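Visitor: Fold the following.
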Amino acid sequence: MRRFVLTFALCTSAPCVLAPRPLAAQHLRDELSDLFIFGPGHDPLFLGGSGDPNNPVNIQIHGNHFIPSAVASNGTVISFLTNSIGSNVANVPVSSTSGGSTFSFEGGTPVRTSTSAGPVFGERAQTLGRGRVLAGLSRTGVNFKTMRGVSLDDIHFTFTHANTDFPGCDSIAGGDCSLLGVPSVENETISLDLALDVKLTVTSFLVTYGLSDRLDVGVVLPIVTTSIEGSTNAQINPFGPPPAVHFFGGTPESPVLTASRFVRGSATGLGDVDARVKLNLRRGDPVAVGVLADVRFPTGSESDLLGSGAWAARGLAIVSARFGSFSPHANVGYLYRGGDFESDAVLGTVGFDHLLAPWATLAVDLISQLQVGDSPLQVPGPVIIQAPYTRTINPSEIPDGRDDLVDGSIGVKLTAAPGLTVVGNTEWPLNRGGLRADVIWTVGLEYGF
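Guide: Numbers count the residues shown, from 1 in each chain. Coordinates of the predicted model:
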């Protein structure tokens, strides 16, 4: 009886009725949130059984005691997951600005400044040449597999109870209600297992134009398809004797303590458009120097996980050389990201392209993005339940760490006809920072004229 008196008193510290919300079109971000919704309405972790108006009023208010608005760490776990995915959809690499042979005009005569078909994702200092055009079509596929090294197929979360307090709570509970764990129902948790599959395909249209022998401008138009499929299995972990106060369905005497959800969805549309300009500063032989700047516009839908929802800008210093058929290059720069859940990065790429035959070029790169400062995607720290005995709950097994990205890339460019090049490339992660795929593949065509 004392337990029921206490739960009735708790109603003064939490709303008893959830306000209805209007129905809206479902976006992919909403689909991700649905994995954590086990009751009526749109509130993650609302317990439909505890909040059922047919149950005693002193039970109804417990439906709200796990929702993110009541428990900061619960909201952080869910937002970390959705924002990690959203901030990574615009990170798919785009091909280099200049492919195929490049030229400059000397005395009105075109002179070849490169012999190989060039790198795939790295940049070389040479520009296309005045009046020349490079048009490209590529398709890139990404299947995200891990988040900071934890498999997306099996992520475990533990959601904790709100720390409720109200006038007179201490005398009713027989303890200090400022402590998490007083009253005893605050010791109850929800264990949740998540399996998630996120796939991304990007079809990019590239055009680069040589305004002069030293200056190229270009644009990349990406068409993005994002698909997600996920399931969750949740278990309420009671603390103390029945009747139950936290349950997904049923009654306090016959509660349903488990629940599951499954979602599947996809979206296709324009991604974040990229505009680029490259300036050749030195055309010496064997070493050339250049700079590149580009801007990604927030044209992709953030709610459908087609774009980052924010501006991004990149600046690169480029050094490349040519020693016969072997052409090394190095790029160093800075990436500014304007998104609330994205961090800036220092960029570094080293690699080479090597002319294996008049019709075949091998391209190899080591590509890195090193996070600047602390990541805005912070995993919540441990939650300490203080009574009736001290326990430490880790809300997530995802580690709190840096999201540096280091990848290896190897590809080939094959000349299929004069001016026409077939491109194939694979990129592998060499570390486990951020949201990563096991491999990123790219196939495409480039035509220079």
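Visitor: which stretches of the stretch 101-250 of the chain form strands?
Guide: 103-106, 109-112, 133-147, 150-151, 155-159, 189-210, 215-237, 249-250 (DSSP state E, counting those that start in this stretch).
Visitor: and if you look at the stretch 251-400 of the chain?
Guide: 255-256, 258-270, 274-282, 287-296, 312-321, 326-337, 345-357, 360-371, 383-385, 391-393.
Visitor: Columns mean pLDDT on top of those strands, output as JSON lines?
Guide: Putting these into JSON lines (pLDDT from 0 to 100) gives the following:
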{"stretch": "strand 255-256", "mean pLDDT": "96"}
{"stretch": "strand 258-270", "mean pLDDT": "96"}
{"stretch": "strand 274-282", "mean pLDDT": "96"}
{"stretch": "strand 287-296", "mean pLDDT": "96"}
{"stretch": "strand 312-321", "mean pLDDT": "96"}
{"stretch": "strand 326-337", "mean pLDDT": "96"}
{"stretch": "strand 345-357", "mean pLDDT": "95"}
{"stretch": "strand 360-371", "mean pLDDT": "96"}
{"stretch": "strand 383-385", "mean pLDDT": "94"}
{"stretch": "strand 391-393", "mean pLDDT": "94"}
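Visitor: Can I get those in a markdown table including mean neighbour count?
Guide: Where you see a C-beta, it was placed from the backbone N, CA and C, and this is true even at glycine. Compiled in a markdown table, the strands of the stretch 251-400 of the chain are given as follows (neighbours: other C-beta atoms under 10 Å):
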| stretch | mean neighbour count |
| --- | --- |
| strand 255-256 | 19 |
| strand 258-270 | 16 |
| strand 274-282 | 18 |
| strand 287-296 | 19 |
| strand 312-321 | 19 |
| strand 326-337 | 19 |
| strand 345-357 | 19 |
| strand 360-371 | 20 |
| strand 383-385 | 19 |
| strand 391-393 | 13 |
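Visitor: okay, those strands in a markdown table with distance to Ala162 next?
Guide: As requested, the strands of the stretch 251-400 of the chain are exported to a markdown table (distance: least, C-beta to C-beta, whole Å):
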| stretch | distance to Ala162 |
| --- | --- |
| strand 255-256 | 19 |
| strand 258-270 | 19 |
| strand 274-282 | 44 |
| strand 287-296 | 40 |
| strand 312-321 | 37 |
| strand 326-337 | 34 |
| strand 345-357 | 37 |
| strand 360-371 | 33 |
| strand 383-385 | 11 |
| strand 391-393 | 13 |
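Visitor: for these, which one sits closest to Gly230?
Guide: strand 258-270 (5.5 Å; C-beta to C-beta).
Visitor: got the CA positions of the closest one in PDB?
Guide: Extracted in PDB, the C-alpha atoms of strand 258-270 (Å, rounded to 0.1, in the frame of the first residue of the first chain):
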ATOM      1  CA  THR A 258       9.200  -6.900 -23.000                       C
ATOM      2  CA  ALA A 259       8.700  -5.100 -26.300                       C
ATOM      3  CA  SER A 260      10.200  -4.900 -29.700                       C
ATOM      4  CA  ARG A 261      10.100  -2.700 -32.800                       C
ATOM      5  CA  PHE A 262      11.100  -3.100 -36.400                       C
ATOM      6  CA  VAL A 263      11.400  -0.300 -39.000                       C
ATOM      7  CA  ARG A 264      12.400  -0.200 -42.600                       C
ATOM      8  CA  GLY A 265      12.600   2.900 -44.900                       C
ATOM      9  CA  SER A 266      14.400   4.600 -47.700                       C
ATOM     10  CA  ALA A 267      14.700   7.900 -49.300                       C
ATOM     11  CA  THR A 268      16.200   9.200 -52.600                       C
ATOM     12  CA  GLY A 269      16.900  12.800 -53.600                       C
ATOM     13  CA  LEU A 270      19.500  15.400 -54.200                       C
END
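Visitor: now that strand, how far from the centre of its chain.
Guide: Mean-position distance between strand 258-270 and its chain equals 16 Å (C-alpha atoms, centre = their mean, to the nearest Å).
Visitor: The strands of the stretch 101-250 of the chain: which one's closest to Gly411?
Guide: Closest among these, using C-beta to C-beta: strand 133-147, at 11.0 Å.
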